[in-house]
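In: okay, sequence plus prediction incoming.
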Amino acid sequence: MFKGDQPKMGSTVVRGEVEATVEFTGADTFFGKTASLLVGSNEVSNLQNVLITIMIVLVVLSLTLSFIVFVYLLERTDVDQALGFTVVLIIASIPLAIEIVTTTTLAVGSKEMSKHGAIVTRLSAIEDLAGMTILCSDKTGTLTLNKMEIQEETPIYLPGETQYSILRYAAMAAKWKEPPKDALDTLVLGSVDMPSLDTVKQASYMPFDPVVKRTEGTIEDLKTGKTFKVTKGAPHIITHLVNDLAITTTVEKDVSDFGARGIRCIAVAKTDETDTWRLLGLLTFLDPPRPDTKDTIAAARNYGIAVKMITGDHLLIAKETARRLNMGESILSAEGLPMLDLKTKEKPANLAKDFGQLIYHADGFAQVFPEHKYLIVECLKEMGYKTGMTGDGVNDAPALKHADVGIAVSGSTDAARAAASIVLTEPGLSTIIEGILIARCIFVRIRNFITYRIAATLQLLLFFFIAVFAFKPVLYEPNPLPPGFPDASYKWPDYFHMPVLMLMLITLLNDGTLIAIGYDNVVPSKYPQVWDLEILFMAGSVLAIVACASSLLLLYMLLDSWQPGSFFQVTGLGGLSFGQITTSIYLKVSISDFLTLFSARTGGDWFWTTRPAPILLAAGCFALTMSTILACVWPAAYPDGVYTEGLALRPPYVLPLVIWVYCLVWWFIQDAAKVGLYTVLTIYGLYDKNRSVKSLQHEAQASE
């Protein structure tokens, strides 16, 4: 250190003494500013916002239609029955299990990611990872090995010398029998042939000094008994020591050429028989990229993710690293990047507007401070891009915390791991690619479930809303009843409704087994995923409308079963009791509800294009089997004043089979309607099964 220098907080005085003035304390220090950036509000995750939006829409719709039904029923029945039916309808139609199933799916995905070396500390980060479009990465320790290595290029200035011999002489200019004192000694002693140094002895040693900027050793050759000196240090210092104009010019050119590529050099010299210094050559070194980094970056681009380097290293070093990794040529210095306000410590008011294009189009930035990393991430987020940030040090912590996906790489500091939402246990970035694919699979599972949940809610809600107004069972009651008909005294109701127990069983069996969707087989998208609620509601509505229409048609056919020329009369099935009608609708809604899931889980494709996971198939078989058994053996009773009767208790005994066939036929119609919707949306450019609408818009903006 020299007069006027500013040692940072935490610096250690190795030798000497000094009088100094404390300039900054607390949050005003360099590291204090970094720590203050970690303080932030608890933001609601994007997935939570999506679920809240869906819940609000469905709850408002449910309350509105249920209130209309309640007012309508007040004119036809007493308050207790009207209120009871309305409350049950609200409870059955509100998707109470949506957050439970979503959280379970995320938890299952988190466990799967941990097997690939990625530990998730915030579950909602999985959804963010699936939609990540830009990945900002620290260089040292993330893209590179964080370990200087001797490069193959070794300029030789004395005939007969090689890289091997120059490394030996460089090691002689260090205490090779002791632990390395600095990074250069570590670099040299880690590369030299140590046993070959047993033939020499170090008589004296001059350690590194910031003023001299070189080390020197006096060496005795044990074989010949000759003594010579060796030195290593900064090239301009060593050339001054050698004092040869021609060699100095050559060295300056070589150092300049290497410097333009970000490669550092140290010069090595020794004395000859006349005690004259002779320059032997240059050792070049660089922190090399990890072996898998280049392929990882290429893979990330193939999956629609742009990778930007953000490092505090020198611009030339960053450019050389980017060149080796094929990351692009637009690597900029920190000049021109935004800074926090000195007084308020707030980000610029028009961050995205003033700096958005500069930051978006750059391939990376060098010589940045922690606040630069933080503001780069904030700017990209303000522009609407899901942004990830990787890092390993304290200086990366603010950006890791405020990124949509903060990723602490293997070997990170405690501060980086605490700020990140995903912690990698394997070195390098290759684990991230596996994590992205898993996250996109999880996203597809959640999207499929939400589509189903919207469809199931609308199906149930619309069916009972329309059935209450459109059908009056009392008008279909046969009069007189055939001789010996069961429960001839029961008067068919003025409006159609189902017992509370049946509605609860539908919810319990179907929603209870849907947790298995977290293990479903899905195909991950090739591009980042973004929620498009308009398409989700359209798809869910189409599925719901078809299922609702089929339920209403079946209800009409069941009620009309006593009329001559009706389906049941023509086929010889005969008229049905109201208890059979109620149980038949229970079975139909249960079957079509779960079949809707198998249609919703394939998006815009036919339901048979992706085979369901065995556990989901088993859950579906269990729920459908239980619903069918219950419908067949349901005892003749009057729950909530509604007559119910098992379908297997009296003729026609084939009624459960008829309902199953009916549901399967309408399932194909329902799936065809869904495929047709997505086909129309694709034709008009509103849907792409790999890219979302917002992703396409962002790409269009970036190309302008």
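Out: Yes, it's here. Numbers count the residues shown, from 1 in each chain.
In: and the strands in the stretch 51-200 of the chain?
Out: Using DSSP state E, counting those that start in this stretch, the strands of the stretch 51-200 of the chain run over residues 118-120, 134-137, 149-150, 200-206.
In: oops, could you answer that again for the stretch 301-450 of the chain instead?
Out: Along the stretch 301-450 of the chain, counting by DSSP E, counting those that start in this stretch, strands occupy 306-310, 331-333, 364-366, 387-391, 405-408, 422-424.
In: check the stretch 551-700 of the chain too.
Out: According to DSSP E, counting those that start in this stretch, the stretch 551-700 of the chain contains no strands.
In: by mean pLDDT, which helix or strand of this protein comes out lowest?
Out: None of the helices or strands of the chain scores lower by mean pLDDT, DSSP states H and E than helix 693-703, at a mean of 47.
In: longest helix in this structure, please.
Out: helix 430-470 (DSSP state H).
In: ok, R301 - contacts?
Out: Going by Cβ atoms under 8 Å, 6 or more residues apart in numbering, R301 touches V307. Just so you know, the C-beta spots here come from the backbone N, C-alpha and C atoms, and that holds for glycine as well.
In: how close does it sit to I545?
Out: With distances taken as Cβ to Cβ, to the nearest Å, R301 is found 41 Å from I545.
In: do V500 as well
Out: Taken as Cβ to Cβ, the span from V500 to I545 is 26 Å.
In: find me the pLDDT at the residue most central in space within the chain, would you?
Out: In the chain, the C-alpha nearest the mean C-alpha coordinate belongs to L129, at 1.2 Å (Cα atoms, centre = their mean). As predicted, L129 sits at a pLDDT of 92.
In: ok, it touching G435?
Out: Yes. Judged on Cβ atoms under 8 Å, L129 makes contact with G435 at a distance of 6.2 Å.
In: what touches both of these two?
Out: I422.
In: spit out the contact partners of the residue nearest to the centre of the chain.
Out: L129 is in contact with 388, 405, 422, 435-436, 439, counting by Cβ under 8 Å, 6+ apart.
In: state the distance from the spatially closest residue to V546 that is not a sequence neighbour to V57.
Out: Spatial nearest neighbour of V546, excluding adjacent residues (Cβ to Cβ, 6 or more residues apart in numbering): Q670 at 4.1 Å. Going from Q670 to V57 by Cβ to Cβ gives 22 Å.
In: between the two, which is the more surrounded one?
Out: Q670 (27 against 14; other Cβ atoms under 10 Å).
In: for the more buried one, give its distance to G406.
Out: 42 Å.
In: equivalent analysis for C548, please.
Out: The value you get for C548 to G406, if Cβ to Cβ is used, is 44 Å.
In: cool, L282 as well?
Out: Taking Cβ to Cβ, one finds L282 at 40 Å from G406.
In: more crowded one of the two?
Out: G406 (29 against 24).
In: tell me what that one is bridged to.
Out: In this entry, G406 is beta-bridged to M389, by DSSP bridges.
In: one step back: same question for the longest helix of the chain, mean pLDDT?
Out: 90.
In: compute the inter-axis angle for it and strand 387-391.
Out: Interaxial angle of helix 430-470 relative to strand 387-391 (axes from the mean of the first three to the mean of the last three Cα atoms, to 10 degrees): 150 degrees.
In: quick check: next helix or strand after helix 430-470?
Out: Sequence order places helix 473-476 as the next helix or strand after helix 430-470, per DSSP states H and E.
In: please enumerate the helices of the stretch 1-150 of the chain.
Out: 30-36, 46-74, 79-93, 98-115, 124-130 (DSSP state H, counting those that start in this stretch).
In: which among those helices is found nearest to V675?
Out: V675 lies closest, by Cβ to Cβ, to one member of those: helix 46-74, at 23.1 Å.
In: what sits against H116?
Out: 426, 431, 434-435, 438.
In: would CSV of these with distance to R168 be doable?
Out: As requested, those are arranged in CSV below (distance: Cβ to Cβ, whole Å):
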residue, distance to R168
E426, 37
T431, 40
E434, 44
G435, 45
I438, 50
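In: quick one: which of the strands of the stretch 301-450 of the chain is nearest I317?
Out: strand 364-366 (7.3 Å).
In: which residues does the closest one contact?
Out: 308-315, 317-319, 322, 327-328, 330-334, 337, 372, 376.
In: returning to what we had before: quick check, nearest of the contacts of L129 to P180?
Out: For the contacts of L129, the nearest to P180 is I422 (34.6 Å; Cβ to Cβ).
In: pretty sure the closest one contacts G117?
Out: No. In this structure, I422 is not within contact of G117 by Cβ under 8 Å, at 10.4 Å.
In: so which of these two has more stuff around it?
Out: Remark: of I422 and G117, I422 carries more neighbours, 28 against 18, as counted by other Cβ under 10 Å.
In: how far away from the center of its chain is stretch 512-520?
Out: 20 Å (Cα atoms, centre = their mean, to the nearest Å).
In: for that stretch, buried residues please.
Out: 513-520 (16 or more other Cβ atoms under 10 Å).
In: just stretch 178-192 next, same as before
Out: Across stretch 178-192, burial judged by 16+ other Cβ under 10 Å covers 184-185, 187-189, 191-192.
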